[in-house]
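Trainee: got a sequence here, can you build the structure:
(2 chains)
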Amino acid sequence: MEFIVAKYNYWIVIVLLMIGLYAMIAKNNLIKKLIGMCIFQTAVILFYVSTAAKSGGATIPIIEHGHGHEAAAHAAHEAAHHAAHAVHAIDYVNPLPHVLMLTAIVVAVSTTGVALALIMSIYKRYGTVEEDEILEQIK
Amino acid sequence: MKILGLLVAVLTGCMLLYCAGDFPDWADPNSPASLHVSPHYIEKTMEETAVPNMVTAVLADYRGFDTMFETGVIFTAGVTVIILLRRFRRKDEADVQGDSDSRKGPPDDIIIQTICRFMAPFMQLFALYVLCFGHHSPGGGFQGGVIFGASFILLGVAYDLKTILRRIGARVSALLANTGLLVYSGIGALCILLGANFLDYSILSLILPATGDIMARSHGILGVEIGVFLGVSASMISIYLDLSSHGQLDEGL
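Mentor: Numbering: from 1, shown residues only, chains lettered A, B, ... in the order given. Just a heads-up that it's a prediction; the model follows:
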């Protein structure tokens, strides 16, 4: 029970991954395979973002007192005058997985576009998007 | 095949769950992912780049190469869709086939069209806001670009494809996708010309008036984000144009 509660994010991710993998292997329709691929990508994104979380009131990775035109001044004088404003890593969630997934989301959209274009070409050529019917025509 | 697939999925899932036992707990502050470079990014971003939003700083400065090639991937995807689908016709041929105003499907709905027409400029304004305030709030080139592209796609869904093509042509969108990548790599090349490493924005203080090394990095990030914005929005529009009309660029959905 401890194992499930302490690591529940991995359980959700793995279930989603396997749904996507099953759809990619077992479904006959190319569009359904593509939906499986999208679920798989979403699961990977969820996995990365979930590793960024920190318990104990960590907030979004945007420095709170960095706003306004004092920002540059803060940067220069921070060490000397504003010891209370010092940034501690424990107060902010890890920004790195967010960065990686930010680009990955847009790339996922583009790859989905390319996949849809390929499926449309296949449909134009063979008149179907069912895998077994396409394989029969190729033989 | 279905049984085999189910078996593979269940077996892989069990193996992954077995391995998940060795992973750090949910939201553990001392997990390996949060220990190596991440504390440096969190604590030094403000000093080194003057950008409060760490995600933007890491995206465009510390990991600038990664983002440049991700933009390249999006550009390549846009080009690939054009190669796969688009039908290139000569002008005279197009005149014979075009100009058939008989649209298939249900008639146009005035409520949907009016609301979409009113929403599009606000979406574009919001996209520019998201781009410009990427330094201080959640946002940046990727998010702003997608919103900007979506405003055109909304017009295309509510009216037809010709409405997009009148505002931003197929050639223009392909050209803008090029320009986006060129702006990004051009800023990198400018850094080389000024005598620093590729994408080392601090050297830009030599040509930007009244900026120190730190603020130059901040401005360099903004320039790069504008490149990403152009590339992403134009690629989105270009992909939609081809997907919705089988590459014919006539009426669309």
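Trainee: residue contacts, B:Ala177?
Mentor: Contact analysis of B:Ala177 by Cβ atoms under 8 Å, 6 or more residues apart in numbering or on different chains lists B:75, B:78-79, B:230-231, B:234-235, B:238. From N, CA and C alone the C-beta is placed, and that goes for glycine too.
Trainee: swap the cut-off to 6 Å and go again
Mentor: Neighbour list for B:Ala177: B:75, B:78, B:231, B:234-235 [criterion: Cβ atoms under 6 Å, 6 or more residues apart in numbering or on different chains].
Trainee: pLDDT weak spots in the chain?
Mentor: All of this is about chain A. A:65-85 (pLDDT under 70).
Trainee: other chain: chain B
Mentor: Across chain B, the ranges flagged by pLDDT under 70 are B:90-107.
Trainee: what count of nearby residues applies to the residue of it found nearest chain A?
Mentor: Taking Cβ to the nearest Cβ as the measure, the point where chain B comes nearest chain A is B:Pro52, at 2.9 Å. Using other Cβ atoms under 10 Å in any protein chain shown, B:Pro52 has 24 neighbouring residues.
Trainee: I'd say B:Ala158 and B:Thr114 touch.
Mentor: No: using Cβ atoms under 6 Å as the test, B:Ala158 is too far from B:Thr114 to be in contact (9.0 Å).
Trainee: which of the contacts of B:Ala177 tops the neighbour count?
Mentor: Using other Cβ under 10 Å as the neighbour criterion, B:Ser235 leads the contacts of B:Ala177 with 32 neighbours.
Trainee: which SSE is that residue in?
Mentor: Assigned by DSSP states H and E, B:Ser235 belongs to helix B:213-245.
Trainee: up against chain B, what does chain A have?
Mentor: Within chain A, the positions near chain B by Cβ under 6 Å from any Cβ of the partner chain are A:6-7, A:9-10, A:14, A:18, A:21-22, A:25-26, A:51, A:53-55, A:61-63, A:66-67, A:72, A:75, A:87, A:89-90, A:92, A:94-96, A:98-99, A:102-103, A:106-107, A:110, A:113-114, A:116-117, A:121.
Trainee: can you select the buried ones from those residues in PyMOL?
Mentor: Command for PyMOL that selects the buried part of the residues of chain A next to chain B, burial taken from 16 or more other Cβ atoms under 10 Å in any protein chain shown:
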select buried, chain A and resi 7+9+10+14+18+21+22+25+26+51+53+54+61+62+63+66+72+75+87+89+92+94+95+96+98+99+102+103+106+107+110+113+114+116+117
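Trainee: picking that back up, what about B:Ala158 and B:Thr114, which has more around it?
Mentor: B:Ala158 (18 against 11).
Trainee: neighbours around the closest residue to the more buried one other than its chain neighbours, how many?
Mentor: Distance criterion Cβ to Cβ, 6 or more residues apart in numbering or on different chains; nearest residue to B:Ala158, sequence neighbours excluded, is B:Cys116 at 3.6 Å. Per other Cβ under 10 Å, the neighbour tally for B:Cys116 reads 19.
Trainee: next: B:Ile42.
Mentor: Counted with other Cβ under 10 Å, B:Ile42 comes out at 25.
Trainee: contacting residues for it?
Mentor: Per Cβ under 6 Å, 6+ apart, neighbours of B:Ile42: A:89, A:92.
Trainee: how about a cut-off of 7 Å?
Mentor: Counting by Cβ atoms under 7 Å, 6 or more residues apart in numbering or on different chains, B:Ile42 touches A:61, A:87, A:89, A:92, A:95, B:54.
Trainee: picking up where we left off before, what helix or strand is the residue nearest to B:Ala158 on?
Mentor: Going by DSSP H and E, B:Cys116 is part of helix B:110-132.
Trainee: contact partners of the helix or strand following that helix?
Mentor: Using DSSP H and E, the helix or strand that follows helix B:110-132 in sequence is helix B:141-158. Here helix B:141-158 makes contact (Cβ under 7 Å, 6+ apart) with A:102-103, A:106, B:112-113, B:116, B:119-120, B:123-124, B:126-128, B:130-131, B:134, B:163-164, B:168, B:225-226, B:228-229, B:232-233, B:236-237, B:240, B:244, B:252-253.
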